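Q: based on what follows, work out the 3D shape:
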Amino acid sequence: MKIMGLDPETDLVLTREIAAPRALIYTCWTTPEHLVHWFVPKPHKLIACTLNVRVGGACNTTFLVEGSEMQNNGVYLEVIPNEKLVFTDTYTEGWKPAPEPFMTAILTFEDAGHGRTKYTATVRHRNKEAAEQHKTMGFHDGWGIAARQLEDYARGLMK
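A: This is a model prediction of the structure:
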């Protein structure tokens, strides 16, 4: 699935092939009981999440990073089961504008054959500075580690 209009100054992209079927990868992204096991690079933790997986539904997560809680509240903008999730922190549930929006994530899940999934995360930022900040924070390493944790967790569910 191709994302239109990529801007190399504001968009960060991570693509991985994951050894698990896309329906399972989608389920791991959309079920709080699964998300808590892999979403944040270890040793950090996801300590709370509310996922109301529908357009306008809450996509809220709370991380514990080096003893500090970090909240990310947002909404889903697009939901195509087993194919695509789009969420943003630009708005919170009820379409309330967020005071400090940071990003919009576009996740695609494509069948890569033999029970594998081509997983692509495109993360859009409002300006070049925000994208650079996310890159400096370790976007590629962090999202890459989370993708490996997702694969390991999903494969464990397949046993």
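Q: so for the helix ranked longest in the chain, mean pLDDT?
A: If you go by DSSP state H, the chain has its longest helix at helix 139-158. Taken as a whole, helix 139-158 has a mean pLDDT of 97.
Q: and that helix, what does it pack onto?
A: Packing partners of helix 139-158 (3 or more CB pairs under 8 Å, 6 or more residues apart in numbering; DSSP states H and E): strand 11-18, helix 22-30, strand 116-125. The way it works is simple: take the backbone N, C-alpha and C, and place the C-beta from them, glycine included.
Q: next, the buried residues of that helix.
A: 139, 143, 145-147, 149-151, 153-154 (16 or more other CB atoms under 10 Å).
Q: could you do stretch 6-17 as well?
A: Applying a neighbour-count criterion of 16+ other CB under 10 Å, the buried positions in stretch 6-17 are 10-14, 16.
Q: so can I have TSV of those showing distance to Glu132 and pLDDT?
A: Listed next are the buried residues of stretch 6-17 as TSV, based on distance: CB to CB, whole Å; pLDDT from 0 to 100:
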residue	distance to Glu132	pLDDT
Thr10	9	96
Asp11	12	96
Leu12	10	97
Val13	15	97
Leu14	16	97
Arg16	23	98
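Q: give me the phi and psi for the closest residue to Gly94 other than its chain neighbours.
A: Among residues not flanking Gly94 along the chain, Gly56 sits closest, at 7.9 Å (CB to CB, 6 or more residues apart in numbering). Phi and psi for Gly56, reported as degrees, to the nearest 10, are phi 90, psi -10.
Q: tell me the pLDDT at Gly56?
A: 97.
Q: returning to that earlier point: which one of the helices and strands packed on helix 139-158 lies nearest to Ile80?
A: Shortest distance between Ile80 and the helices and strands packed on helix 139-158, using CB to CB, is found for helix 22-30: 9.3 Å.
Q: okay, angle between the closest one and strand 11-18 too, please.
A: Angle, helix 22-30 to strand 11-18, by axes from the mean of the first three to the mean of the last three CA atoms, to 10 degrees: 130 degrees.
Q: helices and strands around helix 22-30, which ones?
A: Short answer (3+ CB pairs under 8 Å, 6+ apart): helix 22-30 packs on helix 32-35, strand 84-88, strand 103-113, strand 116-125, helix 139-158.
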